[in-house]
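Colleague: The sequence isn't on hand, but the structure is:
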Ligand code: ISE
C-alpha cells in the first residue's frame, strides 16, 4: 500500500512536492489537497488524482490520509503541525517549523509529550548529494578537522523583502547545514552590512553573517537576494589538510564564441530538485519504520529559528550576539 499523503498549501513549494510525490518518489501517492486558493488546489488535485478539501483540520483527521506535508504560509505551520501530532500522523513541514521561537518550542514540547518522533522539517540541503559529500569528507578524515566554512547564498531577485527575510528565509538554510555538517552548535553571531544594492530598495542586501561554532570553527555566510544574474549556492569547507567545496551542478559546459559557460538556474527548484526528491523519498520510507535518517527534526527546526532570531538581533543592533539554546529534550538526544 502506498503512503497516502495529504498536502496543505500548494503554492510554489507545495506544487513541487505534490509533483515529486506523485511522479518521482516510490511508495507514495498524493491523496488529499487543501489550499486557501481553492482554484489552485483544484488544479494540483486534478494533476495527481487527489481529493480536494476545504478545511485543513478535516484533511489532517481524514482516515485515508496517512501522513501530511505542510507547505502553507509560515504563520500556519504551528497550528497544522500540532494538529498532525494530535492525530498521531507523520508530518513533513517546510521550513520554518514556525517563524516564532515560542511556536517551535510548543511543537517540541508536544512531540516530546508523545515520546515519538513524527515531525520532520524540510531542510532539504541535508539530502543534496553535494552537501552529503562535504559531510563525508569531514567524517572520513580526508581533509582533517574543520577550521572554516565559507558560504554564499544568492537569489536572482526577491524585491520588497524586509532585511530580516535575508536571514529567516535564506541564511536559515546555512544555519541548519552548518550545524549538520559540523555536528556542533553555533554559539555566536555578528552581522555586517554591505553597501546596499540599488535594486534592493530599502532592504539591507547584501549582508555577511559570521558565526562561531562551539568547537571554534568560523562560518561566514554572504546573503544577496537581489543578485540579478541567477540563483547560486556555494559552500567550501576548509580543513587541517585540505578543502572540499560544492561544484556547479549543471552536467554540461557550453563552449561557444570564445567562451565556456555553465547555465545558472533562476531559482532553487532546479538546483535542489534531487535534494527534494531524496528528502521526500527518505520521509516516505521512514514513515512505517520510524527511521528518520538525515532529516531535520522538530528540535533542529527550533534551533534554526532560534539562531535566525538571534542573527536578526545582531543585524538590528549592530552588536555581536551570544546564542543561547533551551535544554535538548531526551527525545532528540
Ligand atoms: C526560499 O524561500 C528557499 O527556501 C530557498 O531554498 C532559498 O534558497 C531561498 O533563498 C529562499 O528565498
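Modeller: Received it, and whenever you're ready, just let me know what you need. Just so it is clear, the model here is predicted, and its values are computed rather than measured.
Colleague: who touches stretch 97-107?
Modeller: 74-75, 77-78, 81-82, 85, 96, 119, 121, 168, 298, 301-302, 304-306, 309, 326 (Cβ atoms under 8 Å, 6 or more residues apart in numbering). No exception for glycine: its C-beta is placed from N, CA and C like everyone else's.
Colleague: how much space between the most centrally placed residue in the chain and residue 159?
Modeller: Against the mean C-alpha coordinate of the chain, by Cα atoms, centre = their mean, the closest residue is residue 123 at 2.7 Å. Residue 123 is 25 Å from residue 159, where distance means Cβ to Cβ, to the nearest Å.
Colleague: what about the closest residue to residue 320 other than its chain neighbours, how many residues close to it?
Modeller: Excluding its sequence neighbours, the residue lying closest to residue 320 (Cβ to Cβ, 6 or more residues apart in numbering) is residue 190, at 4.4 Å. Residue 190: 17 surrounding residues under other Cβ atoms under 10 Å.
Colleague: got a list of contacts for the helix or strand hosting residue 190?
Modeller: For residue 190, the enclosing helix or strand under DSSP states H and E is strand 186-193. The contact list for strand 186-193 (Cβ under 8 Å, 6+ apart) reads 167, 175, 178-179, 204, 207-214, 219, 307, 310-311, 314-315, 318-323.
Colleague: Return the distance of the residue nearest to residue 246 when sequence neighbours are not counted relative to residue 277.
Modeller: Excluding the flanking residues, the one nearest residue 246 by Cβ to Cβ, 6+ apart is residue 130, at 4.3 Å. Distance from residue 130 to residue 277, counting by Cβ to Cβ: 14 Å.
Colleague: Which elements pack onto the top helix by length along the chain?
Modeller: As assigned by DSSP state H, the longest helix anywhere in the chain is helix 298-317. Here helix 298-317 touches helix 101-114, strand 119-122, helix 164-165, helix 172-182, strand 186-193, strand 207-213, strand 321-322, going by 3 or more Cβ pairs under 8 Å, 6 or more residues apart in numbering; DSSP states H and E.
Colleague: Tell me the confidence at residue 290?
Modeller: Looking at residue 290, its pLDDT reads 65.
Colleague: Tell me which residues touch the closest residue to the ligand within the stretch 51-200 of the chain, please.
Modeller: Relative to the ligand, the nearest point of the stretch 51-200 of the chain is residue 170 (3.5 Å; Cβ to the nearest ligand atom). Contacts for residue 170 (Cβ under 8 Å, 6+ apart) come out as 153, 155, 223, 225.
Colleague: now, which of the residues you listed sits nearest residue 144?
Modeller: residue 153 (25.8 Å; Cβ to Cβ).
Colleague: I'd like the helices and strands packed on helix 298-317 written out as a markdown table, with mean pLDDT and distance to residue 55 added.
Modeller: As requested, the helices and strands packed on helix 298-317 are arranged in a markdown table below (pLDDT from 0 to 100; distance: least, Cβ to Cβ, whole Å):
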| stretch | mean pLDDT | distance to residue 55 |
| --- | --- | --- |
| helix 101-114 | 98 | 21 |
| strand 119-122 | 98 | 22 |
| helix 164-165 | 98 | 30 |
| helix 172-182 | 98 | 30 |
| strand 186-193 | 99 | 40 |
| strand 207-213 | 99 | 40 |
| strand 321-322 | 98 | 41 |
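Colleague: buried set for the longest helix of the chain?
Modeller: 298-312, 314-315 (16 or more other Cβ atoms under 10 Å).
Colleague: And stretch 323-331, by the same measure?
Modeller: Applying 16+ other Cβ under 10 Å to stretch 323-331 flags 323, 329, 331 as buried.
Colleague: Contacts only, for the nearest residue to residue 104 once chain neighbours are set aside.
Modeller: Excluding the flanking residues, the one nearest residue 104 by Cβ to Cβ, 6+ apart is residue 302, at 3.8 Å. With contact set as Cβ under 8 Å, 6+ apart, residue 302 has these partners: 97, 101, 104, 105, 107, 108, 326.
Colleague: top of those by neighbour count?
Modeller: residue 97 (31 neighbours).
Colleague: For my notes, confirm that residue occurs in a helix.
Modeller: No - per DSSP: H, G, I helix; E, B strand; the rest coil, residue 97 lies outside any helix segment and is coil.
Colleague: ok, and the closest non-adjacent residue to it?
Modeller: Residue 97's closest residue in space is residue 301 (Cβ to Cβ, 6+ apart), at 2.9 Å.
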